[in-house]
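> Using only what follows, build the 3D model:
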Amino acid sequence: MTSRRHGRGRWCTGACVALAVCIGLGQARGSGARVTGPDGAITADVQLDAGGRLNWQIDYHGRPVIVPSPLGFVRAGDDKPLQWFITAVRHAGHRDTWRPIYGERAEVPDVYAGAMIDLVERADPHRRMTIEVRVYDHAAALRYHVAGRAESDTLHVREERTTFGFAADHPAWAVYSAQGRYEKVPLSRIKPNCERPLVIEMEGGPVVAVGEAALVDFARMRLRPAPPYGVQAMLGSDVKVNTPYTTPWRIVMIADTPGELIENNFVFENLNAPCAIDDPSWIKPGKVIREVTLTTAGGKACVDFARRMALQYIEYDAGWYGPENDENTDARTVTLDPNRSKGPLDLPEVIRYARVNGIGIWLYVNRRALERQLDEILPLYEQWGIAGVKYGFVRVGDQRWTAWLHEAVRKAADHHLMVDIHDEYRPTGYSRTYPNLLTQEGIGGNETMPPPEQNLVYPFTRYLCGAADYTICWTDRRIQGTRAHQMAAAVVYYSPLQFVFWYDRPQNVPDDPELEFFRQVPTVWDETHVLQGQVGQHITTARRSGDRWFVGTMNAVARRSL
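Numbering: from 1, shown residues only. Okay, here's the model as predicted:
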């Protein structure tokens, strides 16, 4: 076994220094608690109204960002919001710096003011709950700790009431499927099932992002309208858990500019548990080409191309073990889908050839085989010498499949296998705990041929919550935008596993001088800065790896001087 669920791995903490300090302790009130962030910019209030119902408010430099909005959830059997007493408020501060296995920065500051607000239900059976609040310089976050009255107690949540209300009809960047197209709409026009993070551009500033962190075995949060100008948490299913239980975090990021959101997106990692893998030295980010012919010759050609192009991996995608949508396919065997390839494919020979040339192999497996064969194929692939598995078309949203998927990541770690999750899954920071989860899709990537305007929405929205597998398609004629646009994407778009040749065959890639950029560009970074940018319009990102800086500028359609 190489992983554990609790505790901090020694490889993850060598440079971490924790200081027991109290910062921004705020004040307790008879009907609520206030927490002020370390630099004083953000204040979060959790309050009880006259009827004992929970709500919260978030201010930025004294200006309301989230106006008083409901908190809590509706249990099965309850027909109205619960009423509470506050029994205690415990304040605490935290100042720490930790070093990730890889990331967008070599060191991550974890500095916040916090409070634990203990509650007891006013009516019988007087159930207990604690709300935990953390306020950072650029974010406020909240989660619920639900106590149990006995070991056998369960919590059945039918609806979450956590709401993010605004004072005006600000524009928001909404999308309703993880791979859909974003549109800029007023908050009053948000529809149910809106994806997170949701970015709102308040009139006159600031810029706000509503998101979720540390989703492991709960139901996914999306967002529904909360009139007149707000959104409410919308769970992907009912939730049934044993108590005591701690929910995922609800996050409100706040910044003066869209670029500052990106520079401070490490809050999603901070709100997840530290690395649980004892020795993660086998986890190696890198660049990859997809092998599109599903043949031995094609695989060896990709290995040779990977060596020339300083790529670390090749990947065999759907079809290598049969039709991916066939419930009877066997991912333990090499049985080609005749509609995709006539072969031949000698996979052991390709693996051998790749190994002697210093190149790793990734294999795609559709969820139909994963759900039946996961416990068989993971040790088998480890035996074969596979580097990683791409989980395809996994089920997401409800509690059952959310828990199953994260368990599948943990099981992969036990067999020294890295993971890339496709298609609708969006991250909430779990790669901090299990860094073998290198990346995931959850984006309308280059294979969907998005226009440049969409590409300029992604950095400020989807990429806030973590890496995205955009699958750059270098030579495809259907691409909207320039070659320079694609090259810059390798810097602007963060993905520790970066596909830079998705539809490309080695023999069809001309030896253009600009390819030297792809040879040189890393996939993980020591420092990240957004020099300028506006959602949907343009961005300039500078990233450092060692002593080398890489700068990427992406622009939409309108000409501009930057």
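
> Chain neighbours aside, what residue packs nearest to residue 242?
residue 154 (5.7 Å; C-beta to C-beta, 6 or more residues apart in numbering). Yep, even glycine has a C-beta here, placed from its N, CA and C like the rest.

> as a whole number, average confidence for the longest helix that the chain contains?
The single longest helix within the chain, with elements called by DSSP state H, is helix 367-384. The average pLDDT within helix 367-384 is 99.

> Contacts for it, please.
321, 324-327, 329-332, 347-348, 351, 363, 365, 389, 391-395, 404, 408, 411-412, 414-417 (C-beta atoms under 8 Å, 6 or more residues apart in numbering).

> switch to 7 Å and redo it
Contacts to helix 367-384, defined as C-beta atoms under 7 Å, 6 or more residues apart in numbering, come from residues 325, 327, 329, 331-332, 351, 363, 365, 389, 391-395, 408, 411-412, 415-417.

> Check stretch 432-441 too.
So stretch 432-441 is contacted by 3, 100-102, 179, 269, 272-277, 280, 283, 285, 409-410, 412-413, 417-423, 425, 427, 430-431, 467-469, 495-497 (C-beta under 7 Å, 6+ apart).

> Which phi and psi values does residue 263 adopt?
Backbone geometry at residue 263, expressed as degrees, to the nearest 10, gives phi -70, psi -20.

> now the one 5 residues further on
Residue 268 adopts backbone torsions of phi -60, psi -40, taken as degrees, to the nearest 10.

> What's the local residue count around the residue nearest to it when sequence neighbours are not counted?
Among residues not flanking residue 268 along the chain, residue 429 sits closest, at 4.1 Å (C-beta to C-beta, 6+ apart). Residues near residue 429, counting by other C-beta atoms under 10 Å, number 26.

> likewise the one 5 residues further on?
Neighbour count for residue 434, taken as other C-beta under 10 Å: 23.

> now it: how far from residue 163?
Distance, residue 434 to residue 163, by C-beta to C-beta, to the nearest Å: 31 Å.

> Nearest to the spatial middle of the chain, which residue is it?
Of all residues in the chain, the one closest to the mean position by C-alpha atoms, centre = their mean is residue 427, 2.2 Å from it.

> Return the set of buried residues in the longest helix of the chain.
Using 16 or more other C-beta atoms under 10 Å as the test for burial, helix 367-384 gives 367-370, 373-374, 377-378, 381.

> now, the most widely separated pair of the residues you listed?
368 and 381 (16.9 Å; C-beta to C-beta).

> still on that earlier bit, the residue nearest to residue 242 touches residue 238, doesn't it?
No. Using C-beta atoms under 7 Å as the test, residue 154 is too far from residue 238 to be in contact (11.7 Å).

> Mind listing the shared neighbours of the two?
Joint contacts of residue 154 and residue 238 (C-beta under 7 Å, 6+ apart) do not exist.

> So among the contacts of helix 367-384, which ones count as buried?
Neighbour counting with 16+ other C-beta under 10 Å marks 329, 331, 351, 363, 365, 389, 391-392, 394, 408, 411-412, 415-417 as buried within the contacts of helix 367-384.

> Can you tell me which of those residues comes closest to residue 461?
residue 394 (21.7 Å).

> does the closest one sit in a helix, a strand or a coil?
For residue 394, the assignment made with DSSP: H, G, I helix; E, B strand; the rest coil gives coil.

> hang on, it packs against residue 405?
Yes. Using C-beta under 7 Å, residue 394 is in contact with residue 405, at 5.5 Å.

> Show me the common contact partners of those two, please.
residue 425.

> what's the burial count for the nearest residue to residue 399 once chain neighbours are set aside?
Nearest residue to residue 399 in three dimensions, chain neighbours excluded: residue 219, at 4.4 Å (C-beta to C-beta, 6+ apart). Neighbours of residue 219 under the rule other C-beta under 10 Å: 24.

> List the contacts of residue 219.
Here residue 219 is in contact with 235-237, 239, 398-399, 402 (criterion: C-beta under 7 Å, 6+ apart).

> switch to 8 Å and redo it
235-239, 397-399, 402.

> And the helices in the stretch 401-550 of the chain, which stretches?
430-433, 452-455, 483-492, 515-520 (DSSP state H, counting those that start in this stretch).

> just these: most buried one?
helix 430-433 (a mean of 26; mean count of other C-beta atoms under 10 Å).

> How far does that helix sit from its chain's centre?
Helix 430-433 has its C-alpha centroid displaced from the chain centroid by 9 Å (C-alpha atoms, centre = their mean, to the nearest Å).

> Mean confidence (pLDDT) on it, please.
pLDDT averaged over helix 430-433 gives 99.

> what do you get for stretch 518-530?
Mean predicted lDDT for stretch 518-530 stands at 98.

> Give me the contact list for it.
Residues contacting stretch 518-530 (C-beta under 8 Å, 6+ apart): 102-106, 258-260, 262-263, 285-287, 309-310, 459, 474, 487, 490-491, 494-498, 500, 539-546, 548, 550.

> Recalculate using a threshold of 6 Å.
With contacts defined as C-beta atoms under 6 Å, 6 or more residues apart in numbering, stretch 518-530 is touched by 102, 104-106, 259, 262-263, 285, 309-310, 490, 496, 498, 500, 541-545, 550.
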